[in-house]
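1. Here is my input, please return the structure:
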Amino acid sequence: MKSFVFLNRKGGTGKTSISVTCAIELARRGFKTVLADCDPQGNSSSWLSKDFQYELSDVLNGKIKVEDCLVQTHFQNLFLLPTFAINGGLQSFASSTRNYYAFEDTVFPALKDFDFLIFDTSPAFGDFEKGIANCADVIVPVLKLDQFSADGFQTLIENLITTTKEIRCKDLLEKISFVILNQQDKRMKFQSLFAENFMKNFDDTQFLTIPTDTSFVKAQILKNCIQDKAITARKETTDAIDSIIKEMTK
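-> The predicted structure follows:
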């Protein structure tokens, strides 16, 4: 199994939209995939499933087994480790845990027959998120083309450096194989200039761009995927997702 975590220290960059869309696309291509909703807001869970009895924090607290929490979504090959959102226990668990290896010890062994594990995360970076970054194979930062997202990315880099020293793990920066620049609008020239200047600071990093597209919002409202013909996503968008999937499956 290969695991990916979508991260940034800034909210609203599209981590949930992209992580869910990529998870669905992997499943559509026949890969047995799990999405772990690690954001206390639970947006991925409400998108992918209408009903579930247990949540991720119940597994991590040792109350239930992974297989009792795992939910088959309405997308073939795609399963969910859900979160109850505001009324759930994940926020309390995330703020109190000091266990950097909860996923490796509890979740990973139960998912050995799966091909991919996708983590959707909050903008926080406490011990809970440090543990996820530590256990994931690949870290994928998601940015919008604005200064706030860039600042969040820089903060994330600093956090990864500090965490590597703090828990004495493998260099977390080496887990970043590509970065996603989300919601690009080619009509806005300042975005292109911003992206060009921003990327100069990271010569060895591969950047993949997703255009602005309301199909992500439409898909979430309809509990569907942008790949569905009824959503009518832009070709540039589906091509961008295809490029990301190629990176994830290579």
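2. How many neighbouring residues does residue 89 have?
-> Residue 89 has 17 neighbours, counted by other Cβ atoms under 10 Å. For the C-beta atoms, the positions are set from N, CA and C on the backbone; glycine is no exception.
3. what do you get for residue 109?
-> Neighbours around residue 109, by other Cβ under 10 Å: 9.
4. any idea which helix is longest in this structure?
-> helix 147-167 (DSSP state H).
5. what residues are up against residue 8?
-> 15, 123, 141-143, 149, 152-153, 156 (Cβ atoms under 8 Å, 6 or more residues apart in numbering).
6. Does residue 36 belong to a helix, a strand or coil?
-> State at residue 36, reduced to three classes by DSSP: H, G, I helix; E, B strand; the rest coil: strand.
7. Any idea which of the contacts of residue 8 the model trusts least?
-> Among those, residue 149 has the lowest pLDDT, at 82.
8. Surely it is in contact with residue 15?
-> No - here residue 149 does not reach residue 15: they are 10.9 Å apart, not a contact under Cβ atoms under 8 Å.
9. Sort out which residues of the longest helix of the chain are buried, please.
-> Buried residues in helix 147-167, counted by 16 or more other Cβ atoms under 10 Å: 149-150, 152-153, 156-157, 159-160, 163-164.
10. Of those residues, just say which sits nearest to residue 59.
-> When these are compared for distance to residue 59 (Cβ to Cβ), residue 163 wins out at 23.0 Å.
11. tell me the pLDDT at the nearest residue to that closest one once chain neighbours are set aside?
-> In space, and not counting its chain neighbours, residue 163 is closest to residue 130: 4.8 Å by Cβ to Cβ, 6 or more residues apart in numbering. With respect to pLDDT, residue 130 has a value of 93.
12. The helix or strand bottoming out on mean pLDDT in the chain: which residues count as buried?
-> Every helix and strand in the chain was compared by mean pLDDT, DSSP states H and E; the lowest is helix 189-199, with a mean of 70. Judged by neighbour count (16+ other Cβ under 10 Å), helix 189-199 contains these buried residues: 191, 194-195, 198.
13. Out of those, which is nearest to residue 249?
-> Nearest to residue 249, judged by Cβ to Cβ, of the buried residues of helix 189-199 is residue 195 at 25.5 Å.
14. dump the residue contacts of that closest one.
-> 145, 181, 184, 207, 209.
15. looking at those residues, which has the most residues close by?
-> residue 181 (23 neighbours).
16. now the helix or strand encompassing it against helix 189-199, angle please.
-> Element membership of residue 181 [criterion: DSSP states H and E] is strand 179-184. Angle, strand 179-184 to helix 189-199, by axes from the mean of the first three to the mean of the last three Cα atoms, to 10 degrees: 170 degrees.
17. Distance from strand 179-184 to the middle of the chain?
-> 13 Å (Cα atoms, centre = their mean, to the nearest Å).
18. ok, now stretch 174-186?
-> 12 Å.
19. ok, now stretch 125-135?
-> 13 Å.
20. Buried residues of that stretch, list them for me.
-> Under the neighbour-count rule (16+ other Cβ under 10 Å), stretch 125-135 has 125, 127-135 buried.
21. Could you point out which residue ranges in the protein have low pLDDT?
-> 186-187, 189-190, 201, 203 (pLDDT under 70).
22. ranges for the helices of it?
-> Under DSSP H, the chain gives helices at 15-28, 43-48, 56-60, 66-69, 90-96, 102, 127-135, 147-167, 189-199, 215-221, 235-249.
23. Which strands or helices does the fifth one pack on?
-> Meaning helix 90-96. Counting contacts by 3 or more Cβ pairs under 8 Å, 6 or more residues apart in numbering; DSSP states H and E, helix 90-96 is packed against helix 56-60, helix 127-135.
24. Pipe the ones you listed into JSON lines and attach distance to residue 20 per row.
-> Shown next, in JSON lines, are the helices and strands packed on helix 90-96 (distance: least, Cβ to Cβ, whole Å):
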{"stretch": "helix 56-60", "distance to residue 20": "15"}
{"stretch": "helix 127-135", "distance to residue 20": "17"}
